[in-house]
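Predicted coordinates and the sequence they were generated for:
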Amino acid sequence: MGMAEPNANLISSDKVEGTSVFDVRGDKIGEIEHLMIDRVSGMVRYAIMTFGGFLGFGESEYPLPWKAFRYDTNLGGYVANVTEEQLRNAPEFNEDSWRDRDWETRLHKNYGSAPYWEDATTMRDPFPRY
């Protein structure tokens, strides 16, 4: 059985992991570690990024709203409209954070993005009843 071949608009999640992330000046600031995908809608909600460290030691993981990224074909990576100050001021993250809507609200507010649950374009019923 063959693998599905992505086209220009589709990419396999394993190809996103490890992709470089740049700031708006084009400086590399980290990589995408993995994605957080909504089980029901199938929409990507967050990218977990790694920043800092040397040879993998001292790296920190930061969840950023997926809408904070755009792909830049010239750079061959994602550009995140995020500042060092926003990263420093982000609410502390742990594995239980995903169960806390207040934490998600603070995270989106910190990065200046509308929460996905308030965005009508991302709220679709995958099984509409006709």
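Perfect, I can see it now.

all helices for the protein, in order.
Under the criterion DSSP state H, helices of the chain are mapped to 13-16, 84-89, 101-111.

Specify the stretch among those helices that is closest to Pro65.
For the helices of the chain, proximity to Pro65 was assessed by Cβ to Cβ; helix 101-111 is nearest, at 5.7 Å. C-beta here means a position set from N, CA and C on the backbone, and glycine is covered the same way.

What helices and strands are in contact with that closest one?
Taking 3 or more Cβ pairs under 8 Å, 6 or more residues apart in numbering; DSSP states H and E as contact, the helices and strands that helix 101-111 lies on are strand 60-65, helix 84-89.

how much space is there between Thr19 and Thr105?
27 Å (Cβ to Cβ, to the nearest Å).

my bad, should have said Gly77
With the distance defined as Cβ to Cβ, Gly77 ends up 29 Å from Thr105.

Settle it for me: which of these two has more neighbours?
The neighbour comparison of Gly77 against Thr105 (other Cβ atoms under 10 Å) goes to Gly77, with 19 against 14.

what residues are up against that one?
19-22, 28, 71 (Cβ atoms under 8 Å, 6 or more residues apart in numbering).

what's the most buried one of the helices of the chain?
Per residue and on average, the most neighbours among the helices of the chain fall to helix 101-111, with a mean of 16 (mean count of other Cβ atoms under 10 Å).

Quick one: mean pLDDT for that helix?
The pLDDT scores in helix 101-111 average 93.

That helix relative to strand 60-65, how many degrees between them?
Orientation check (axes from the mean of the first three to the mean of the last three Cα atoms, to 10 degrees): helix 101-111 against strand 60-65 gives 90 degrees.

what's the offset of helix 101-111 from the middle of its chain?
14 Å (Cα atoms, centre = their mean, to the nearest Å).

Narrow the contacts of Gly77 to those in strands?
Mapping the contacts of Gly77 onto strands (DSSP state E) picks out 20-22, 28, 71.

And the lowest-mean-pLDDT helix or strand in the chain, what does it pack against?
When the helices and strands of the chain are scored by mean pLDDT, DSSP states H and E, helix 84-89 comes last with a mean of 84. Other helices and strands packing on helix 84-89, by 3+ Cβ pairs under 8 Å, 6+ apart, are helix 101-111.
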